[in-house]
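Visitor: could you look at this predicted model? Sequence included:
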Amino acid sequence: MRFARTRNLQLSPIKEIELAAARRPGTVSLAQGIPSFDTPAVIKDYVKARMDEGAVARYSLAPGLVELRERVAEDLARDGMTYDPDGEILITVGSIEGIAATLMAVTEPGDEILLPSPSYASYQQVIRMVGCEPVFVPLDEERNFDLDVDLIARRISSRTAALFYCNPNNPTGTLYTREQSLRMMELAERHDLTIVTDEVYRDFVFSEGGYFTPAQVPEFRDRVVRIFSLSKAYAMTGWRIGYLHSSRRVVTEILKVHDSLVTCAPVISQYAAIAALTLGRDAVDEFRRAYLRRRDLMLTRLDRLSHAFDYQKPNGAYFVFPRVKDTVPMAHDSRALALDLLDRAGVAVVPGSAFGPTGEGHLRLSYGRDDAEIVEAFRRMDDYFSGIAGRMSRQRTGLEGQRPGRAIAEAARPSQGRVLLRRLATAYLRAMARLYLRRVAPQVIAIAGNRGKTVVKRVLTGLLEAAEEPVRANPRSYNTSMGVPLAVLGLEIDPHRWTQVLRTLAVASWKACLADRGSRAPRLLVLELGARSTGDMAELLRTVRPDWAVVTPLGTEGEPAELDRLRGEMETLVQDVTRRCGPFRLLIAGDDFRLAEFAQASGAALRRGDLMRTAGGFTVQGAARAYVLGPDIVGESGAFAVLSAVALGERLGLDPARVQRYLARLSGRPAAPKAEAAAGPAAGGTSVAAIGGV
């Protein structure tokens, strides 16, 4: 036996974690994407009745039971999709069989299939199984893992046959926008690509922005294959039942493969699907409400682990995909971290590396589990990551003659030559960043603190983009002594690839002297400043002198001595901005007792009580008007980010109507009538350009 066809296939890392967890008694799993609910009783009762009638013992037609296909057609029609049950709808053995049959039908061996990264682990394996090559296209992490259509366009080659994606996305929970989807379809039309979309989580959408699939556009029906499974929506993972739909021409070809693989979907499961689509909608609504509550619970607990994770709020599915911060050992080896977390804490999570190249450095956590399991898993993770923080703190204070911000927890210390090269590179980048700042003269908004810095950064950046201000923000964790100069220059680097470092230094020279002229120059830079140890902030201020400072809560988790050191670093920043720019340029978390003194002295306190709950969501009373928001503001980080956006928007003189529209969309509030959106005076408001740099 040669096993040639399976040689390049791998068992899903999700299954690897599940097998390891099964061997460890007492494990709490946030790994499996399995709903905690049982299949609703109305579905089981219906199936029992069909069994008693003797209806389930024989094959159905290969496309599926006529009654089920008609029921699917009715369900699609409610979502604005008209498909003929006789020839345009095919009942499949779950979604993965539908995916495999589709790819076999619409591609040829050797074709390339574009696959967003991160995306569900099994996709890349099924692509290889049918003889094609996955071409990974990174999602835009800084915009909640949205599609980057320009990057998709650059990855298309003469061998590209299809684009395959999941919406809402597993593992990120991203709901792709109508605008991005339509731009993607324009590419598909131009390059004659098939779009294969897996929409298994379509029923778990938490955004008011609305759900869109290209299958809703009649002109695309010959180009789009939409696949759906009842596994998640109706808690039917064991029934293995789903469907796909496309034009008659496409479905006819897929049916040939489907018939060869499985003959037909299990008839007992087809009857279960009839019951689900006919009687199960109340259960789906109940599941959605439960998942939304559990999402908010998980995000609130992630706020308490802000020293370990940075997260994006998911708008769909039931997964969170937090990034592991560089301060955590094994942050860039998610498989090792997941196995260590399983071994030491008894918590099963999925390593981000399972979901494609840009998944590395993340973990996938499922809130498909029940509340008690989520709470217990986070109790264990609190202990695990607090232990790491404590060990690092003790190591840090014991080091003499070394910069405390070095990666102390690295398994192996870098060589002396590499340390010297890093220091020289950092000094050069810092000089180039200062030259750039003098030449371009943007205003710098610095975000420091502990909890939710990245959440605040993304919200403020989104606000400024919505206000059509030229703005740039630093990516991910670029907030260290080397990362901040890179962020100022708009560069990224892999410090482990030193040939790339030398190239980056050359590009930095060009950026400092020639780039970003005229209208292309950012008027604002939104930068995170990562300072945890004595002297870190002073080191960062050697590169950049902020015009504005936003100080997020420090929290109470962690060793008191560590938090007191962090407070000292915030004092350095507050004093620097106050001395140069005045207290008007400060926004400080006034509820944090370690920051209360700074907040009170400067009059710059932002307090959770300023975010007032109303019947339909929240209200924030600004200096000029009240801002009416939706209900989807989660956790301490989300609340502080919204308060910061209101305060900064008013101090920058942004149009209050734009601020209102942006925050309403961010918080899940339906669009207001234009008259309401425009309410509120902008008197005294000044443009960002008029305020100028300091």
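Guide: Received it, and whenever you're ready, just let me know what you need. Predicted, not measured: the structure shown is a model, and the values here were computed from it.
Visitor: packing partners of the helix or strand L244 falls within?
Guide: Element membership of L244 [criterion: DSSP states H and E] is strand 242-245. Contacts defined by 3 or more C-beta pairs under 8 Å, 6 or more residues apart in numbering; DSSP states H and E place strand 242-245 against helix 66-78, strand 89-92, helix 94-106, strand 224-229, helix 248-262. For every residue, glycine as well, the C-beta is placed using N, CA and C.
Visitor: tell me how many other residues surround R249.
Guide: Close neighbours of R249, defined as other C-beta atoms under 10 Å, add up to 11.
Visitor: and the helices and strands packed on strand 242-245: which comes nearest P546?
Guide: P546 lies closest, by C-beta to C-beta, to one member of the helices and strands packed on strand 242-245: strand 224-229, at 47.5 Å.
Visitor: in the stretch 201-350 of the chain, which spans are strands?
Guide: Applying DSSP state E, counting those that start in this stretch to the stretch 201-350 of the chain gives strands spanning 224-229, 242-245, 309-310, 319-320, 323-324, 347-348, 350-351.
Visitor: out of those, which one sits most buried?
Guide: strand 350-351 (a mean of 30; mean count of other C-beta atoms under 10 Å).
Visitor: run the chain-centre distance for that strand.
Guide: Averaging C-alpha positions (C-alpha atoms, centre = their mean, to the nearest Å) puts strand 350-351 15 Å from its chain's average.
Visitor: what is the next helix or strand after it packed up against?
Guide: Sequence-wise, the next helix or strand downstream of strand 350-351 (DSSP H and E) is strand 363-366. Packing partners of strand 363-366 (3+ C-beta pairs under 8 Å, 6+ apart): strand 319-320, helix 334-345, strand 350-351.
Visitor: please tabulate these in CSV, including the columns mean pLDDT and distance to K313.
Guide: Output for those, formatted as CSV (pLDDT from 0 to 100; distance: least, C-beta to C-beta, whole Å):
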stretch, mean pLDDT, distance to K313
strand 319-320, 97, 8
helix 334-345, 95, 21
strand 350-351, 96, 19
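Visitor: between the ones you listed, which one is closest to A121.
Guide: strand 350-351 (7.9 Å).
Visitor: residues making contact with that closest one?
Guide: Around strand 350-351, the neighbours that count as contacts under C-beta atoms under 8 Å, 6 or more residues apart in numbering are 13-14, 17, 31, 121, 171, 334-335, 337-338, 359, 363-364.
Visitor: rerun at 6 Å
Guide: Residues outside strand 350-351 that contact it (C-beta atoms under 6 Å, 6 or more residues apart in numbering): 13-14, 17, 31, 334-335, 338, 364.
Visitor: quick check: neighbours of that strand in the sheet, parallel or antiparallel?
Guide: Strand 350-351 sits in its sheet next to strand 363-366 (antiparallel), going by DSSP bridges.
Visitor: rank the strands of the stretch 201-350 of the chain by pLDDT, which is bottom?
Guide: Among the strands of the stretch 201-350 of the chain, strand 309-310 has the lowest mean pLDDT, at a mean of 90.
Visitor: low-confidence stretches in the stretch 1-150 of the chain?
Guide: By pLDDT under 70, the low-scoring segments of the stretch 1-150 of the chain are 1.
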